[in-house]
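>>> Got a predicted structure plus its sequence, pasted below:
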Amino acid sequence: MFDGVENPVVEKLLNESILLAIGAEECLVKEGDPAGSCFVVETGSIRLYSSSDDGIQVTHQVLRAPAVYGVSECLLGLAYTESAQALEKTTVRAISKVSIDEAARSSHALAFNLLKDTSARLCVATNRQKTSALYNVGAQLAHFFVTYADAFGLPVVDGIQIRIPLSQSDLANMLGVTSRSVARALHDWTNDGILTKRGRHFVLRDPARLAMMSGRSLSMVFSSDLPQRDWAPKVVAPMPQLRQCVAARTGVNQGRTRSGLLNKRSRQSVAGV
């Protein structure tokens, strides 16, 4: 986001921002909340999702640091179009819509970086629609595991372990499908030795076979600078890496820091900045 941006612009944004620490599964914003701030994900990851009145959820995208959320809503004056929930311990920097609007108008470099970031996320969102509409549940689930292995995988003796805890219900909510259809695929793949579960974590024992089943599609995990692992399956077309990173901040005021989980009042105050 700050790649090539003028130092005075970066310093002003940092000085006016608030650093927030979010616990795993803590909700950052809810769909429909007034968009008073955008958020720079500095560490950790968040998922963007929608939910129906009867509790059915579907995940649109996962953002892994470094990434930005909420810029479009702030610049367009919209409410947040998706809910955002931390998948793990995560730190985000809240920047008010007034600050980001002024900075984007004053810095061509920042505006171009935001344009690239938004364009890349639009490509991922379009691809996600294609995957949901045209792939069967098995292919969608295989695609999910392959992209999660690339973003959150840890090499272990018998394969790749996904470090984010996942339940059967989590998988169904990620894809917007029934738990029964997920259970069938997991049962078959476990019997075939493709994957196993160790505690709350899935281990992909044969990621290459999952990659073959997943088809060619963009990763649902987005980051402004997400490297491809040497051991990750390469059948899934990787997101083009964007040359974005948070600038070195030596000697720059980090802004106010708020540690611990957000309570309801503080979360509302951030959303309404």
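Ah, there it is. Residues are numbered from 1 along each chain as shown.
>>> host element of I46?
When secondary structure is defined by DSSP states H and E, I46 falls within strand 45-51.
>>> Check which strands are paired with that strand and give the direction for each one.
With DSSP bridges as the test, strand 45-51 is paired with strand 57-64 (antiparallel), strand 83-86 (antiparallel).
>>> Name the residues of it that are buried.
Buried residues in strand 45-51, counted by 16 or more other Cβ atoms under 10 Å: S45, I46, R47, L48, Y49. For every residue, glycine as well, the C-beta is placed using N, CA and C.
>>> Same check on stretch 129-141?
T131, Y135, V137, G138, A139, Q140, L141.
>>> Pipe the strands paired with strand 45-51 into JSON lines and attach mean neighbour count, mean pLDDT and distance to P155 per row.
Converted to JSON lines, these look like this (neighbours: other Cβ atoms under 10 Å; pLDDT from 0 to 100; distance: least, Cβ to Cβ, whole Å):
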{"stretch": "strand 57-64", "mean neighbour count": "21", "mean pLDDT": "87", "distance to P155": "18"}
{"stretch": "strand 83-86", "mean neighbour count": "22", "mean pLDDT": "96", "distance to P155": "25"}
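>>> quick one, which of the ones you listed is nearest to D150?
If you check each of these against D150 by Cβ to Cβ, strand 57-64 wins as the nearest, at 10.1 Å.
>>> what distance separates the closest one from the centre of its chain?
Here the centre of mass of C-alpha atoms in strand 57-64, compared against the chain's by Cα atoms, centre = their mean, to the nearest Å, lies 6 Å away.
>>> what's the most distant pair in the buried residues of stretch 129-141?
Checking the buried residues of stretch 129-141 with Cβ to Cβ, the most distant pair is T131 and G138, at 12.2 Å.
>>> Surely L20 is in contact with A86?
No. Here L20 does not reach A86: they are 10.0 Å apart, not a contact under Cβ atoms under 8 Å.
>>> Okay, helices next: where are they in the stretch 51-200 of the chain?
Along the stretch 51-200 of the chain, counting by DSSP state H, counting those that start in this stretch, helices occupy 71-76, 97-106, 108-134, 137-152, 168-175, 179-191.
>>> which neighbours do L20 and A86 share?
Contact criterion Cβ atoms under 8 Å, 6 or more residues apart in numbering; residues shared by L20 and A86: L28.
>>> Just put the strands paired with strand 45-51 in a markdown table and tack on distance to L175.
A markdown table is the format used below for those (distance: least, Cβ to Cβ, whole Å):
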| stretch | distance to L175 |
| --- | --- |
| strand 57-64 | 7 |
| strand 83-86 | 16 |
